[in-house]
Structure formats: structure tokens, C-alpha cells
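Undergrad: Here's my sequence, what's the structure:
(one chain, ligands or ions: 2)
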Amino acid sequence: MAVNQESLLKKYISKDQEKQTGQAPRRGPGGGPGGRNRGMNATGKPKAAKASVKRLFSYIGNDKYKLIIVLICLLASTVSSLGGSYLLRPIVNNLVAPDTSVQEKISGLLSGILLMVAIYVVGVLASYGQSRFMLKISQNALQRIREDLFNKLQRLPVSYFDTNSHGELMSRFTNDVDVIGEMMNTTIVQVFSGVISLIGTLALMLYTNVILALVVIISVPLFAKAGGAIANRSRKLYKSQQAALGGVNGYIEETVTGQKVVKVFNHEDISIEEFQVLSDHLQKSQMNAQFFGGIMGPVMGNMSQISYAVTAMIGGILCVLGKFDIGGLTIFTNYSRQFSRPINEISMQMNVIFSALAGAERVFDVMDQEPEAADGENAVKDGVMDGQVTLSDVTFSYVPGKVILNHISCYAKPGQKIAFVGSTGAGKTTITNLINRFYDIDSGQILIGGRDIRDYSRSFLRQNVAMVLQDTHLFTGTVMENIRYGRMDATDEEVKEAAKLASAHTFIKRLKYGYDTMLEGAGANLSQGQRQLINIARAAVSKAPILILDEATSSVDTRTERHIERGMDRLMKERTTFVIAHRLSTVRNANCIMVLEHGEIIERGTHEELLAMKGRYYNLYTGKAELD
Ligand SMILES: Nc1ncnc2c1ncn2[C@@H]1O[C@H](COP(=O)(O)OP(=O)(O)OP(=O)(O)O)[C@@H](O)[C@H]1O
Ligand SMILES: [Mg+2]
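TA: Ligands and ions are numbered 1, 2, ... in the order given. Okay, the predicted model is just below:
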């Protein structure tokens, strides 16, 4: 099958370039992209680069004292290198002077060289100090960037993850942070020392010979122009390079996590082909970016050679005319070399700088996303939450304009079990996502314990709403740790008690190390049902007055399900439970069953009442659902 390259690249890469700051739009139905914001994209704009540089420096600026030491060391090493080479002037002049004796010449040479050695030794020590301290500064900055990024990630609303590929996001943590680190470790020092030595050399050149200095200075705008032109082009190319890298990582992540599906549908070859397209694209963007970054050095190098030759020629003529000393010419040509050296060095580092800036933009883009809206100032943060839940006239849409839940009202008393049933996509999970504020509602009100849920802090609210999500998830760690995730201060006994309620105890006991068995790869070594049982135990261990079970027992056999049901009923005696299940036998004993259709509650009542109604529930239960 031929792979449609364009749509593939669009899917995995151009998305990144379009990504904006501000609230990420939510995914549309069927998992496709919803309307993405456009317009604020800062790709490749110098303004964005400038802002990124400023922000990177603010991270470095935290280590003020170390930075001052680095600057002093830099200054010392540059001065020593410039000063050392200036000594050549008296040494050479002394050697070529016509009226000094051989003895004087030799002693002058020796003392001059000794002084040079001393100065250079100071320079070496200063360079050592500077690189030691700079390393510390950059590592600190990097650590802060990584932590800020992760902290932000923990604060982003659920909707952000709806629209961003995990691998691509992870690429920002790895590749993008890495390139920033590379720049901080070496390039920043080089740029600083380059600038200092540039200024120092210029001063010494002016001091040595103004005419020759002017010749060199005239060439500067030429350097700047050539450099600027290449830099502009490069910056854009590096941005695409980092984006392409993110795309490739996103694809890899998807394929690794979905490896079984790939195999089931014999998609290996197509995957390889698709990967090749993305990889080709990455290779091309890398080629372009590295090429442009790389030609900077040679272009600058050649230009400096020309400027070197011109100054040597003019200086020679001045010497012949007796307007300049040979010692002076020796150091001047040396300086003109030194003058262009930092320019060359910095331009050689351009590829690192540009990758880092592109990486920084991508990192800061995540940092600038809107976090979950802050809790109100008077938000209730502790106390006892009553398990009374009221939804009154709730309307909600993921994507503005596309209503998913329509005027939903329902009421649950503590100790009651409320069930939501209805066809796939009816909006059952969505209701539960609203109760714990993964998303905020458009209109209406959700009350818990008689209070609007927006009056509680999110963490307090979620502490009181235990959920077993439709997708199970286990972390790397022991079974014990995974269950304790539900309440960190639960004792071992409480964890075991919860596992018993969830009917997980028996199978956990049979694991090789019981509760201490490590679960790796998201619990890949367990059966789907067992993973669900651990997830239920995790919710059971929390003392939340409200429990939501979203298809929590869908992969568990019916006998075990009965056991869990009994366990949960005991646990939830004084609390409120919301149960979502397709297997209707699961919800038969609920106090109230809500039948949801297209985001509306179309029937409600107990199992018997609903059966007597002979409506939708009856049809679902008896398997007579009309095929519409
Ligand atoms: N993150 C999202 N962004 C945009 N739309 C979504 C999102 N999640 C779900 N939807 C849409 O909302 C509707 C209700 O989805 P929901 O997950 O609540 O269904 P459900 O009743 O739980 O279905 P199921 O029985 O399959 O679990 C669906 O049409 C779905 O396409
Ligand atoms: Mg669902």
C-alpha cells in the first residue's frame, strides 16, 4: 500500500509547527483533530528567538555569584591571552633593534618569554575555573528547566493531552532539553569569551595601529551581514528539525505501545514504510539545518582569511615606509587572527545555538500553556465532604458548539448506587469526567454536599471522588504501591483489606512475591481483568465518599463481579456510587438507573420500573434493541 506522505507528515509533524500557546483545543469526535487555533505561531521569528534567549538567561541568572566568578575567570583568561601575545611586540622589537648587544637580546628574550609563561599559566587556571563553574551553572539551569516542564505537565488540563501525542511531548523532555543543555555547557562560555576577546583585541589593535585597525573594522559589517543571512535561514530550519524529531518520536511511541495491534493487522510493513517517510523527512530537515549551520564556519573562515591578507599587506607597506614597527606588525597580524577567531568559533557553534533555541521554543511552548484554572480564593480545601451529588441541568461540550451532554439532571444520596447505561458514545464517561472536574461544564450546576464543585479546591474534590477509569493504568512499582496510590497513608493491612473487597487478594497472593511483586510495563504480566481488580482496589483504599466505577468490571468474569459488587456495597454503605456498565446485570440492584442516549437521559428508574416501562432499557436488557 502506498503511503500518503503528505497526510502522514501533516498528521505527525506540521501539527507541531501549528501548535499554539494558550488553551489547547479539544479533540473532536472520533479522535480526529478539532479546530486548532491558528495565528499566534512564532515559528522562526527572531522575536521569538530573542524571547527564548532572554528566558534561557533567566534560568542561568539564578546562580548569580557563580556567574560573576565565571565572568571574572573569563576576563582573566582573555586578558592573559591578549596580554601574553602583546609581549611579543617588545620581544621582537628588542630582537631586531640594531643597537643592542647579543647578550642584551638574549636576556631580553628570556625575561620576556618567562613573563609570557607566567601570564599564560594564570590564563589556564582561569579557564579551568570558568569551565568548572559554568558546568555547575548550566546543569543547575537544566535541572530547573526540566523540573519546570514536568511541574507544568502535572498542572495541564486533561484537554491538553487530548490533542498532543505522548511521544512528541516526551521528545520535548528528552531531545529538546538535551540540545539546550549542550548549548549551556559549552556554547555560552564561548560566546561570552568570544565577545570579551573581541572587544579586547579591538582595543589593542586600535592602540597598536589605528589605520590597520580601521581596515579590520571595515570588514566587520561584511561578517555580520553574511552571518545574519545564514542565521536567519538556519533558525527556521532548526525549528523544523526539532519538530521532525518530535514527529518521529511520536510515531515510535505509538508503534511501541500499539505493537500488538500492528501485528494483529499485519501493519508491520506499512509501519516501516510510514516510519521511513517520517525518518526521511527528519533526515532532510536535519541535512538542511546542519548544512546551513555548518557552512557558517567556513564562510566566516574564508572571509577572515581575506581580511588577514589585506591587513598583512597594508601593514607590510607601512613598515617599509617606516611608519610601523616590525614587532607591532607581528602582534597586529596575530590580533587580526584573534579578532576573527571568536567570530569563527561562534559561527561554528551556530548549529548548536539554533537547535537549542528551537528546542527552547518548544519547551517554553509547553510551559506557556494555560494550566488548569486556579482554585478560587475561598475554595474549600479540607473538611468532610458529604456524598450527596446533584447534577442540575448540566450542559457540556468538548468542542465549542458540539453539545455532548444536554440538560442532564440527577440526584444521588449518600449510600445510593446510581447507574448510567446507554449505548457507546452516549456520554456516560463524560458525566463522570465532569463530576471530578477533568472538564468544566458549560451551563447548569454540579453540587456535592450541597456546594457547587467549583467551590472546592480541585485536589480536595478529587480526594473525595474515587474513580476507576475506563482505561486501567498501573505504574511501575509493586502491587502494594499501586494500590496505595489511592491513599498514600494507607497501611499494608488497609491495602490488603481493599484488595479483598475488590476480589484481588486471591490472585495477588498467588503472584510470585505476593503484594511485593513488581509490575512493569503497565502491568503487562497481568490479565486485563486482574489489572481492573487492582484499579478497583486502588479506588477502594481511598476513603472517598463518592466512588465512580466506569466499566470497572468489564473484563472480569461474572462470578468475580458479584463478589466485587458485594464488597463494594459493604464499602459504600454510607457513600455514593456511580456505576457505568454495558453488562446490565451489573447494575440491576442500583437504586436508580439512568438510560442515556445522545447526551440526554431518556429513562430513569429502578430495574423493575424500567423493565415495566418496556422502553429503551427493556430493549437493551432483553436484547431487543432496534438496529437503528
Ligand atoms: N476528549 C474528547 N474530546 C472531544 N470529544 C470527546 C472526547 N471524549 C469523548 N468525546 C465525545 O463525547 C461523546 C461521549 O463520549 P463518552 O466517552 O462520554 O461516551 P460513553 O458513553 O462513555 O461511551 P462508551 O460506552 O463507549 O464508554 C462521544 O461522542 C465522543 O466522541
Ligand atoms: Mg465510556
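Undergrad: going forward, measure contacts between C-alpha atoms and count neighbours the same way
TA: Fine.
Undergrad: Break the protein into its domains for me.
TA: 53-367, 389-622 (automatic domain parsing).
Undergrad: In contact with residue 480: list those residues for me.
TA: Residue 480 makes contacts with 492, 495, 515-516, as judged by Cα atoms under 8 Å, 6 or more residues apart in numbering.
Undergrad: ok, the residues you listed vs ligand 1, which is closest?
TA: residue 495 (28.4 Å; Cα to the nearest ligand atom).
Undergrad: State the number of residues packed around the residue in the stretch 151-300 of the chain that ligand 1 sits nearest to.
TA: Nearest residue of the stretch 151-300 of the chain to ligand 1, counting by Cα to the nearest ligand atom: residue 162, 5.5 Å away. Neighbour count for residue 162, taken as other Cα atoms under 10 Å: 17.
Undergrad: Likewise for the one 5 residues further on?
TA: Neighbouring residues of residue 167 were enumerated by other Cα under 10 Å; the total is 18.
Undergrad: Repeat that for residue 266.
TA: The number of residues packed around residue 266, counting by other Cα under 10 Å, is 11.
Undergrad: List the contacts of the one helix or strand residue 331 maps to.
TA: In the assignment (DSSP states H and E), residue 331 maps to helix 326-348. Contacts with helix 326-348, where a contact means Cα under 8 Å, 6+ apart, come from 85-86, 88-93, 187, 190-191, 193-195, 197-198, 201-202, 205, 208-209, 216, 227, 293-294, 296-297, 300-301, 304, 307-308, 311-312, 315-316, 319.
Undergrad: What about those, which are in helices?
TA: Among those, the ones falling in helices (DSSP state H) are 85-86, 88-93, 190-191, 193-195, 197-198, 201-202, 205, 208, 216, 227, 293-294, 296-297, 300-301, 304, 307-308, 311-312, 315-316, 319.
Undergrad: Flag every residue of the stretch 201-350 of the chain that's near ligand 1.
TA: Taking Cα under 6 Å from any ligand atom, no part of the stretch 201-350 of the chain reaches ligand 1.
Undergrad: For residue 219, which non-adjacent residue is closest in space?
TA: residue 307 (6.8 Å; Cα to Cα, 6 or more residues apart in numbering).
Undergrad: Residue ranges in this protein under the pLDDT threshold?
TA: Low-confidence segments of the chain (pLDDT under 70): 1, 14-47, 624-628.
Undergrad: Test my guess that residue 53 contacts residue 357.
TA: Yes - if you go by Cα atoms under 8 Å, residue 53 and residue 357 touch, sitting 7.2 Å apart.
Undergrad: what's the closest non-adjacent residue to residue 138?
TA: That would be residue 184: by Cα to Cα, 6+ apart, it lies 5.3 Å from residue 138.
Undergrad: how close does the one you found get to residue 473?
TA: Noted for residue 184: a distance of 37 Å to residue 473, by Cα to Cα, to the nearest Å.
Undergrad: more crowded one of those two?
TA: residue 184 (25 against 14).
Undergrad: Am I right that that one falls within a helix?
TA: Yes - judged by DSSP: H, G, I helix; E, B strand; the rest coil, residue 184 forms part of a helix.
Undergrad: gap between it and residue 360?
TA: Taking Cα to Cα, one finds residue 184 at 12 Å from residue 360.
Undergrad: cool, residue 589 as well?
TA: 56 Å.
Undergrad: Compare those two and say which one has the larger neighbour count.
TA: Remark: of residue 589 and residue 360, residue 360 carries more neighbours, 25 against 16, as counted by other Cα under 10 Å.
Undergrad: now the helix holding residue 331 and helix 188-208, what's the angle there?
TA: 150 degrees (axes from the mean of the first three to the mean of the last three Cα atoms, to 10 degrees).
Undergrad: CA atoms only: put helix 326-348 into PDB for me.
TA: C-alpha atoms of helix 326-348 as PDB (Å, rounded to 0.1, in the frame of the first residue of the first chain):
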ATOM      1  CA  ILE A 326      58.000  45.000  12.900                       C
ATOM      2  CA  GLY A 327      57.100  43.900  16.400                       C
ATOM      3  CA  GLY A 328      53.900  45.900  16.100                       C
ATOM      4  CA  LEU A 329      53.200  44.200  12.700                       C
ATOM      5  CA  THR A 330      53.800  40.700  14.300                       C
ATOM      6  CA  ILE A 331      51.300  41.200  17.000                       C
ATOM      7  CA  PHE A 332      48.900  43.000  14.800                       C
ATOM      8  CA  THR A 333      48.600  40.200  12.300                       C
ATOM      9  CA  ASN A 334      48.300  37.900  15.300                       C
ATOM     10  CA  TYR A 335      45.500  40.100  16.700                       C
ATOM     11  CA  SER A 336      43.700  40.200  13.400                       C
ATOM     12  CA  ARG A 337      43.600  36.400  13.500                       C
ATOM     13  CA  GLN A 338      42.400  36.600  17.100                       C
ATOM     14  CA  PHE A 339      39.800  39.100  16.100                       C
ATOM     15  CA  SER A 340      38.200  36.700  13.700                       C
ATOM     16  CA  ARG A 341      38.700  33.600  15.800                       C
ATOM     17  CA  PRO A 342      35.800  34.200  18.200                       C
ATOM     18  CA  ILE A 343      33.600  35.100  15.200                       C
ATOM     19  CA  ASN A 344      34.500  31.900  13.600                       C
ATOM     20  CA  GLU A 345      34.100  29.900  16.800                       C
ATOM     21  CA  ILE A 346      30.800  31.300  17.500                       C
ATOM     22  CA  SER A 347      29.600  30.700  13.900                       C
ATOM     23  CA  MET A 348      30.800  27.100  14.200                       C
END
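Undergrad: From the chain's centroid, how far away is it?
TA: How far helix 326-348 lies from its chain's middle: 42 Å, per Cα atoms, centre = their mean, to the nearest Å.
Undergrad: okay but the residue nearest to residue 219 is in contact with residue 220, surely?
TA: No - contact criterion Cα under 8 Å: residue 307 and residue 220 do not qualify, at 9.5 Å.
Undergrad: Neighbours of residue 237, how many?
TA: Neighbour tally, residue 237, other Cα under 10 Å: 25.
Undergrad: Chain neighbours aside, what residue packs nearest to it?
TA: Per Cα to Cα, 6+ apart, closest to residue 237 is residue 289, 4.8 Å.
Undergrad: residues touching the one you found, list them.
TA: 234, 237-238, 241, 351.
Undergrad: If we use 7 Å, what do you get?
TA: 234, 237-238, 241 (Cα atoms under 7 Å, 6 or more residues apart in numbering).
Undergrad: Where does it fall, secondary structure wise?
TA: Counting by DSSP H and E, residue 289 is part of helix 268-320.
Undergrad: And residue 579, by the same measure?
TA: Here residue 579 sits within strand 576-580, counting by DSSP H and E.
Undergrad: by how many degrees do whichever helix or strand comes after that strand and strand 576-580 diverge?
TA: Downstream of strand 576-580, the first helix or strand assigned by DSSP H and E is strand 592-597. Relative orientation of strand 592-597 versus strand 576-580 (the same axes, to 10 degrees): 40 degrees.
Undergrad: which helices and strands does the next helix or strand after strand 592-597 pack with?
TA: Once the chain leaves strand 592-597, the next helix or strand it forms, by DSSP H and E, is strand 600-605. Strand 600-605 makes packing contacts with strand 403-412, strand 592-597 when contacts are defined by 3 or more Cα pairs under 7 Å, 6 or more residues apart in numbering; DSSP states H and E.
Undergrad: Strand 600-605 pairs with which strands, parallel or anti?
TA: strand 592-597 (antiparallel) (DSSP bridges).
Undergrad: list the buried ones in the strand it pairs with?
TA: Buried residues in strand 592-597, counting neighbours by 16 or more other Cα atoms under 10 Å, are found at 592-597.
Undergrad: What of stretch 425-438?
TA: Quick answer for stretch 425-438 (16+ other Cα under 10 Å): 426-438.
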